[in-house]
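> show me the folded form of this:
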Amino acid sequence: MWIFALPGLLLLWKRDKNLVLWLLGLVVSMYIVIRFVLMYERGHFMNIAWIFALLVGYGISEISSMQKYIRSGVLTVLLVSVCALQLLQANRYEFAERYRKSNVAELRAVVEVLISLPKDAVVALDTQSRNVESLALLSNRTLVLFREGTVERLQDEGALRGAFQEYGVTHALDYKVQTPAKSITSGGSVSAPPSVFTKWLIHLIR
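Sure, this is the predicted structure:
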């Protein structure tokens, strides 16, 4: 959509410089407030998307006014083609993010191990924080996040047993070091590798 947003910005600048300066100042001040005052750690484009949409809409409007110089059918085909290519590129990016590295197989392996444990088990594990909720939901077991480095440091300080007792940890999953809790392993992926057709399809989507 930059092909419409940039002309929209330039044409709006020629028409009303104060409005453009006000919009740019709003974007800058919003970033400063969100990042350095509120300390939010997330994507911030959603906060200013309406400004981008305004510029895109204005650019499309101005380009559409060129129909007096270009046949309307040709201009329509051009606009639709650009929009379609942009949407295709956006879909490629989105699918690439989703298929770049799937950890579903590893999560399934961990879930199967967790399900085999007693229902009152409390498991310490080192994984990405966003995976903890999924693993706990699928296995219906209590999970405690302990980083490998934290476990090694506590062990060196002689405080690992006390930390595990504090959280009621009964099992430790996939740690390299020996822990006071019962050590268990997930055994890696339990899924079969994707077929040639599946690899080709995922690559095509990307």
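> for D120, helix, strand, or coil?
Secondary structure, DSSP: H, G, I helix; E, B strand; the rest coil: D120 is coil.
> what is the neighbour count of it?
Using other CB atoms under 10 Å, D120 has 9 neighbouring residues. All C-beta spots, glycine's among them, are computed from the backbone N, C-alpha and C.
> which residues touch it?
Counting by CB atoms under 8 Å, 6 or more residues apart in numbering, D120 touches T170.
> now do it against W50, distance only.
Relative to W50, D120 is positioned 51 Å away (CB to CB, to the nearest Å).
> might you report the residue contacts of L6?
Residues near L6 by CB under 8 Å, 6+ apart: G59.
> element containing it?
Following DSSP states H and E, one finds L6 within helix 2-15.
> who's in contact with whichever helix or strand comes after that helix?
Using DSSP H and E, the helix or strand that follows helix 2-15 in sequence is helix 17-32. Helix 17-32 has contacts (CB under 8 Å, 6+ apart) with 9, 12-13, 44, 47-48, 51, 54.
> now which of these would you call buried?
9, 12, 47, 51, 54 (16 or more other CB atoms under 10 Å).
> between these, which is closest to N103?
N103 has its nearest neighbour among those in N47, at 29.8 Å by CB to CB.
> for the closest one, which non-adjacent residue is closest in space?
Spatial nearest neighbour of N47, excluding adjacent residues (CB to CB, 6 or more residues apart in numbering): M30 at 5.7 Å.
> measure that neighbour to A53 for me?
16 Å.
> same deal with L26?
For L26, the distance to A53 equals 14 Å [CB to CB].
> same check, this time on G162
55 Å.
> L138: neighbour count?
Counted with other CB under 10 Å, L138 comes out at 15.
> and it, what does it touch?
With contacts defined as CB under 8 Å, 6+ apart, L138 is in contact with 107, 111.
> A124: what secondary structure?
Here A124 is recorded as strand under three-state DSSP.
> pLDDT score assigned to Q155?
At Q155, the model reports a pLDDT of 89.
> helix or strand for it, which one?
Assessed by DSSP H and E, Q155 sits inside helix 148-157.
> S183 too?
strand 182-184.
> distance between that strand and the chain's centre?
Remark: strand 182-184 is offset 32 Å from the chain centroid, using CA atoms, centre = their mean, to the nearest Å.
> got a list of contacts for it?
The contact list for strand 182-184 (CB under 8 Å, 6+ apart) reads 113, 117, 123, 170-175.
> what is the nearest of the residues you listed to L85?
Using CB to CB, the contacts of strand 182-184 come closest to L85 at D174, 44.8 Å.
> my read: the closest one touches F146, true?
No - checked against CB atoms under 8 Å, the pair D174 and F146 is beyond contact range at 11.1 Å.
> overlap in contacts, those two.
Common contact partners of D174 and F146 (CB under 8 Å, 6+ apart): 125-126.
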